[in-house]
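>>> below are the sequence and a predicted model; questions follow.
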Amino acid sequence: MDGIDPRVVSYAIVALVVGGGGYLIVRMMQKFARDQSAEPVKSIPDWQKALDDGETATAAKLAMDAGEWNQAGELYLQLGQTIDAAKAFRSGKHWDQAAELFEQAGDDKAAAHCYQRANNPRRLLKTLIRLEDWHGAAEAAEQVGDKAVAADFHLKAGHAQKAAALYRAAGQPQRAVGLEAEVLESSGEWAGAAERWLQAQQPQRALNCYEKLGDHLHMGRLLEQLGQGDAALEHYNEAGAFAEAAALLVRAGAYRKAAVYFQRAGDTEKVIECLLREGDRLAAVKLRLAGGKPEEALRIASSAKPSDPGFTELTKLASEMLFQNGDLVAGGRTLLTLLKVPLPADERLAIGRQAVEAFLGAGDHLSARAAIERLLPLAAEGSEVEGWLKATAARVAPKTPQEMPALAARPSASRLSVPIPDAGRLASEATQTALDGDLDVPADLPEPGWPQGVPFSLAARYAGLSRLGQGGNGIVFGATDKLLGRQVVLKFMIEGTMPTEVARRYFLREVQLAAALNHPNIVHIYDMGETDGVPWYCMEYVDGQPLTAYMNHGVPIADKQWLCSILDQLCEALDNAHAQGMVHRDIKPDNILVDKKGKVKLLDFGLARVLNEGFGENSVLAGTPYYMAPEQLDGSAVDHRADIYALGVILFRMCTGYLPFVQGNVFVSHAVDPVPDPRSYNPELPVDIVAVVFRAMAKKPADRFDAAKPIAQAVRAAFRQ
């Protein structure tokens, strides 16, 4: 060993160390490779171990702690712990599932939060409604796109303005304007509120607003629209709106009273127009003279007829105006027309003598002789007048052309018996009492209380006339038939806007058609005739009121039994007329009378026509716009189904308190606009009633009921449900 080189030993040791280290490294690498290629050992979660051990509650809690939200939720559901399951799903942002579980657990507030996070507005809306969170519900309804529902909830939340905007956007303008009106009312903006209430068809609320303002003019206009003429007149008076008051009275046919108000308004032309329509030519003449228009006064006075009130004085005034103009012959002839009037003999002789003097003054001896011949039979034998007449007759008796007597000098106006009218005096007479509310003008009536303009020769049969009203082609009076001792109604034809011949034919047709009908629910015709050129007829008197009186604006008829009874009777009457080939063509509440026992009487067949028979090119539009069927407006053929349409409108009004079409062009609305849903006015209305209205008011006649009775039957059945 001593001989071994130490360096060799060192090298050997190094080699041994290096070799051993390499071995170790190799072994380590081999072990690492074996570890990598072996199957990994899985670790089991704690919640799973607990679940495997049957500890579900512990497993659920451990899953929650480990953030395994879905697994935790499922485990809590297995345990029946709904609220904990909901919380687990909420933590895991499973919003819909969490919300449903919160709903099941009765926690609507948490459910609402989850539905909101899930962007599920429909389910959110239902939840908020249960919570009575109206503001949130309104926003959810808006998100859904249901503007009307959103408006309802905004209204409950106290957001009236926002609700109004949404109602308008939802196509419910009436509800919108009603809310706007309430907002304006609350801020004391009465004028704007009244306007909105009118748009919302709430006239009483509008009246209250106008009353707050003290606006009598608008109150009068609104009351007039509501058919409360007397109340409207009072407010027009308060407002000093005399022209408005006069126009109201004209529409009511009270022409004399209208003349008073036109006089207060300073409208003399309207005063005279009203007086003439009333038949008071005498007052009109006096006013024309007072206004310095003698030509107009003469024209009016000269057009008087013997049946006109004040005919005697009118004739005298006309003659005096002619005398004043120097036309003695015309004046004398005018005076002679008074010989046809039943005046006392001495007065007739005096008038005749004035006429003779006028003829003599004009040199018209032929007219003088003719007048004397008419007067001599009236003069008492041996009287001064007889002597004068005979002497004058002898003086103007024709001899030969060469032997004509000298005529008396032309008399001046001052020699005539009747003085020339004094304009100042007449103005005073005609206007003085207008300040007290009436026009005090004298009128020579043939019988005390007999109405002006009515042929007074009928007084032998009828008495106690009182004016009831006036329509498009007739004026109506209540009267007593003295011969039969019963109350009746007299109707006289008046000249309106239709041509005279057409008006006469319509009037006569009314009589013929109505007289041909014999039904307990149709007014009966007793008699007819033509007196002094005025056609008239006498019909049954009904102690009742028009159906209009029972229908308050905006208020449905509450007594459904009464409504059905009225409808039953009306339908019976219509079917009876239709069966005889007659169409009424103007069915409306004003033509339906209801007596105190609830019995219905249908009247006024003046606009009816027999099917397939018309007046050709002279025919006129017949009917009332609010109740007219589309075919009545466009010239199409009209049959009994036009009455069915009008019946549908009446049913709409009875069940809602409103007419279906009132704004804008009513004609166009009936022709093209859809019928409004009656339930928008009366939500309590049975749906079957709505179906009846829609069918009765169908635009096409073929789509309507073919008879009236099925309408009454359907309505009665609907109300029984």
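Done, it's in. Numbers count the residues shown, from 1 in each chain.
>>> can you show me the strands along this protein?
With DSSP state E as the criterion, the chain has strands at 462-470, 475-481, 486-492, 525-531, 534-540, 544-546, 582-583, 592-595, 600-602, 609-610.
>>> for F89, which of these is the nearest?
F89 lies closest to strand 592-595 among the strands of the chain, at 68.0 Å (CB to CB). Heads up, the C-betas are built off the backbone N, CA and C, glycines and all.
>>> returning to what we had before: for the strands of the chain, give me TSV that also has mean pLDDT.
Converted to TSV, the strands of the chain look like this (pLDDT from 0 to 100):
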stretch	mean pLDDT
strand 462-470	79
strand 475-481	87
strand 486-492	89
strand 525-531	83
strand 534-540	86
strand 544-546	89
strand 582-583	86
strand 592-595	92
strand 600-602	93
strand 609-610	46
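>>> those strands into TSV, with extra columns for distance to A169?
Formatted as TSV, the strands of the chain follow (distance: least, CB to CB, whole Å):
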stretch	distance to A169
strand 462-470	46
strand 475-481	50
strand 486-492	53
strand 525-531	56
strand 534-540	54
strand 544-546	41
strand 582-583	44
strand 592-595	40
strand 600-602	44
strand 609-610	47
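>>> quick one, grab the pLDDT at F456.
In this model, F456 is scored at 67, pLDDT.
>>> then I644?
95.
>>> check R7 too.
Looking at R7, its pLDDT is 67.
>>> same question for V649.
As predicted, V649 sits at a pLDDT of 95.
>>> quick one, domains of the chain?
Domains of the chain are assigned by automatic domain parsing as 1-37, 51-175, 176-240, 305-422, 456-540, 545-720.
>>> what comes into contact with stretch 557-570?
Stretch 557-570 is contacted from outside by 521, 547, 550-551, 592, 594, 598-600, 602, 647, 650-651, 654-655, 708, 711-712, 715-716, 719, using CB atoms under 8 Å, 6 or more residues apart in numbering.
>>> and that stretch, what's buried?
By 16 or more other CB atoms under 10 Å, the buried positions in stretch 557-570 come out as 557, 560, 563-570.
>>> what bits of the stretch 1-150 of the chain have low per-residue confidence?
By pLDDT under 70, the low-scoring segments of the stretch 1-150 of the chain are 1-27, 29-42.
>>> got it, and the stretch 251-400 of the chain?
Checking the stretch 251-400 of the chain against pLDDT under 70 turns up 398-400.
>>> can you do 50?
Scanning the stretch 251-400 of the chain for pLDDT under 50 picks out 400.
>>> what's around the closest residue in space to A549 that isn't next to it in sequence, how many residues?
Among residues not flanking A549 along the chain, V594 sits closest, at 8.0 Å (CB to CB, 6 or more residues apart in numbering). Per other CB atoms under 10 Å, the neighbour tally for V594 reads 23.
>>> so how far is I566 from V594?
To I566, V594 is 7 Å away according to CB to CB, to the nearest Å.
>>> please enumerate the shared neighbours of these two.
Residues touching both V594 and I566 (CB under 8 Å, 6+ apart): 547, 600.
>>> ok so, going back, among the contacts of stretch 557-570, which are located in helices?
Those of the contacts of stretch 557-570 mapping onto helices are 647, 650-651, 654-655, 711-712, 715-716, 719, per DSSP state H.
>>> what's the closest of these to E55?
Nearest to E55 among the ones in helices among the contacts of stretch 557-570: F719, at 67.7 Å, using CB to CB.
>>> you'd agree that closest one is up against E684?
No: if you go by CB atoms under 8 Å, F719 and E684 don't touch, sitting 11.2 Å apart.
>>> give me the more crowded residue out of these two.
Comparing F719 with E684 by neighbour count (other CB under 10 Å), the higher total belongs to F719, at 16 against 7.
>>> helices of the stretch 251-400 of the chain, start to end?
Using DSSP state H, counting those that start in this stretch, the helices of the stretch 251-400 of the chain run over residues 255-264, 268-278, 281-290, 294-302, 311-324, 328-336, 345-362, 365-375, 384-396.
>>> using TSV, please lay out the ones you listed together with mean neighbour count and distance to T127.
What follows is those, written out as TSV (neighbours: other CB atoms under 10 Å; distance: least, CB to CB, whole Å):
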stretch	mean neighbour count	distance to T127
helix 255-264	24	65
helix 268-278	21	68
helix 281-290	26	78
helix 294-302	20	82
helix 311-324	23	86
helix 328-336	23	94
helix 345-362	21	98
helix 365-375	19	104
helix 384-396	15	110
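>>> put together TSV for the ones you listed, with distance to A163 on each row.
Putting these into TSV (distance: least, CB to CB, whole Å) gives the following:
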stretch	distance to A163
helix 255-264	45
helix 268-278	48
helix 281-290	58
helix 294-302	62
helix 311-324	67
helix 328-336	75
helix 345-362	80
helix 365-375	86
helix 384-396	91
